[in-house]
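In: sequence-free structure coming up:
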């Protein structure tokens with residue numbers, strides 16, 4: 001189990017580091033078709049650094065499948081409500097788009113606040 005403190009870390013760089021560990025690429029016996037048992041625990045997600053104008057300009061889309069069912073939300077609104085959702089979405093986008101993605105993303109545990117001993 002890997003523990004990461006997200007304080008003052010850039011969102012994208014942190015997400016790519018987490019994605020590599022979750023996929024198992026840091027292990028010497030890496031297999032792309034096997035599920036890695038490595039878990040990642042992230043603390044202080046609300047203190048992560050978001051560069052540029054992403055808070056105001058970046059949008060997340062969700063489509064229900066029905067006509068007129070496209071929903072659009074700004075990063076700022078999502079981050080205020082749940083900063084962990086922004087990190088989870090970033091990590092999920094960096095994982096391979098296959099059947100293992102849902103199983104791998106379950107190994108990401110996000111805690112709000114300080115690290116517990």
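Out: Great, that's in hand. Everything quoted here is computed from the prediction, not taken from an experiment.
In: For the rest of this, base every contact and every neighbour count on C-alpha atoms.
Out: Fine.
In: Low-confidence stretches in the chain?
Out: When the per-residue scores of the chain are filtered using pLDDT under 70, the ranges that remain are 115-117.
In: for it, which residue is closest to the average position?
Out: The central residue of the chain, meaning the one whose C-alpha is nearest the mean C-alpha position (C-alpha atoms, centre = their mean), is residue 88 at 2.6 Å.
In: Validate this expectation: it resides in a strand.
Out: No: with DSSP: H, G, I helix; E, B strand; the rest coil as the criterion, residue 88 is located in helix rather than a strand.
In: quick one: it and residue 33, what's the gap?
Out: Here the distance between residue 88 and residue 33 works out to 22 Å (C-alpha to C-alpha, to the nearest Å).
In: And the contacts of stretch 27-40?
Out: By C-alpha atoms under 8 Å, 6 or more residues apart in numbering, the list of residues contacting stretch 27-40 from outside reads 1-4, 18, 21-24, 100, 103-104, 107-109.
In: Now with 6 Å, please.
Out: Where contact means C-alpha atoms under 6 Å, 6 or more residues apart in numbering, the residues beyond stretch 27-40 that reach it are 1, 2, 3, 22, 24, 107, 108.
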